[in-house]
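Peer 1: Below is the structure, and that's it, no one-letter string:
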């Protein structure tokens, strides 16, 4: 862990700042593109939302309930 990240965690642990304040600071510093990349890297972007399609297990159950 970098020194700066360790300091941020230390501030959080000591109650000097809240998690919401830390997020607000990060979001204010990051560009829209960086926020999009972060969401995508953590599978939280829109492309990972449920598309309404059944998953593989549900497809097999629909095909053969004894599977």
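Peer 2: That came through, no problem. Quantities reported herein were computed from a predicted structural model and do not represent experimental measurements. Numbering: from 1, shown residues only.
Peer 1: give the contact list for residue 36.
Peer 2: residue 45 (CB atoms under 8 Å, 6 or more residues apart in numbering). For the C-beta atoms, the positions are set from N, CA and C on the backbone; glycine is no exception.
Peer 1: from the middle of its chain, how far away would stretch 48-66 be?
Peer 2: Using CA atoms, centre = their mean, to the nearest Å, the mean C-alpha position of stretch 48-66 is found 24 Å from that of the whole chain.
Peer 1: List the buried residues of it.
Peer 2: Judged by neighbour count (16 or more other CB atoms under 10 Å), stretch 48-66 contains no buried residues.
Peer 1: can you pull the pLDDT of the residue nearest to residue 40 when sequence neighbours are not counted?
Peer 2: Among residues not flanking residue 40 along the chain, residue 47 sits closest, at 7.1 Å (CB to CB, 6 or more residues apart in numbering). pLDDT for residue 47: 83.
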